[in-house]
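K.L.:
I need the structure of the sequence given here:
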Amino acid sequence: MATEANTADDGGLVFHPMDQFIVKPLFSDGPVGMFTITNVTMWMALTVLAIIALLVLGTSKRSTVPGRTQSIAELAYGFVYKMVEDVAGKDGVKFFPYIMTLFMFIVVSNFLGLLPAAFTTTSHIAVTAVMAMAVFIAVTVIGFVKHGAGYLGLFWISAAPLPLRPILALIEVISYFVRPVSHSIRLAGNMMAGHAVIKVFAAFAPMITISVGVGILVTPLSILAITAIYALEVLVAFIQAYVFAILTCVYLKDALHPHH
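P.N.:
Reported below is the predicted structural model:
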């Protein structure tokens, strides 16, 4: 997460809170193409390596009394497994590896994005949209494979009065196709907003070097605000990964048990 601020030639403060989200080529200054290795590519690769280090290397020497890394890996495994079992049911447990992968990728990406000078890959709609569309397509395919045309019963609310059922069915269809949009925007929007706010307050932190009188008041308040928001972002980083995973479980439950 970039937190640098720049000063203009006339001594004024200049900052661009959205610059930290710019996708840049990693090995050149040219335009970003389809196969260009960018800062997003690098941080996604680091996310994958961190997950492998935690879940594979960290548990390679398992013991009855687990160490710190093994404990974290086991807690993550148990947390996601319980969530899948509780929300999607016993039938949903077979899809646990996929949901576990989603959760770990998002939560590790979020936490890596909190490092100084890091890039938060989950702040980009291009990244979250791919994951959301993958979930949408997967649960739709699962629903039709398991139930055939009976999966359309998801949109027909039999408990409602008959005259209202067509209207409710239309609403259900619209809400169903809006799922990947809300699923992706929720994660990207929350991650982008928090980092942008931190950048704004960080720009005011060096105010004391520009104007001592104003800076005596502004700089300490800026540092306190950065600390508070950063602590909140640590919580948001986990909550957003949890929300994405639990919504995936809810959609999976609908695919496995579509009838209202």
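K.L.:
hang on, isn't L232 packed against A193?
P.N.:
No - L232 lies out of contact with A193 (C-beta atoms under 8 Å); the separation is 11.0 Å. Every C-beta, even on glycine, is put in place using the N, C-alpha and C of the backbone.
K.L.:
What's the first helix or strand after the host helix or strand of M42?
P.N.:
Element membership for M42, per DSSP states H and E: helix 39-55. Counting by DSSP H and E, the next helix or strand C-terminal to helix 39-55 is helix 68-88.
K.L.:
how far is the very next helix or strand once past that following helix from where the chain is centred?
P.N.:
Moving toward the C-terminus from helix 68-88, the next helix or strand (DSSP H and E) is helix 96-112. Centroid separation for helix 96-112 versus its chain: 8 Å, with C-alpha atoms, centre = their mean, to the nearest Å.
K.L.:
where does the stretch 151-260 of the chain have low pLDDT?
P.N.:
Counting by pLDDT under 70, the stretch 151-260 of the chain has low-confidence residues at 208-215, 260.
K.L.:
what are the ranges of the helices in it?
P.N.:
165-204, 212-256 (DSSP state H, counting those that start in this stretch).
K.L.:
In JSON lines: those helices, plus mean neighbour count and distance to A134.
P.N.:
Compiled in JSON lines, the helices of the stretch 151-260 of the chain are given as follows (neighbours: other C-beta atoms under 10 Å; distance: least, C-beta to C-beta, whole Å):
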{"stretch": "helix 165-204", "mean neighbour count": "17", "distance to A134": "9"}
{"stretch": "helix 212-256", "mean neighbour count": "17", "distance to A134": "10"}
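K.L.:
Among those helices, which comes closest to P25?
P.N.:
helix 165-204 (21.2 Å; C-beta to C-beta).
K.L.:
Identify the residue nearest A205 in space, chain neighbours excluded?
P.N.:
S222 (4.4 Å; C-beta to C-beta, 6 or more residues apart in numbering).
K.L.:
Quick one: work out the angle between the helix holding M42 and helix 96-112.
P.N.:
120 degrees (axes from the mean of the first three to the mean of the last three C-alpha atoms, to 10 degrees).
K.L.:
Distance from helix 39-55 to the middle of the chain?
P.N.:
Relative to where its chain is centred, helix 39-55 has its mean C-alpha point 14 Å off (C-alpha atoms, centre = their mean).
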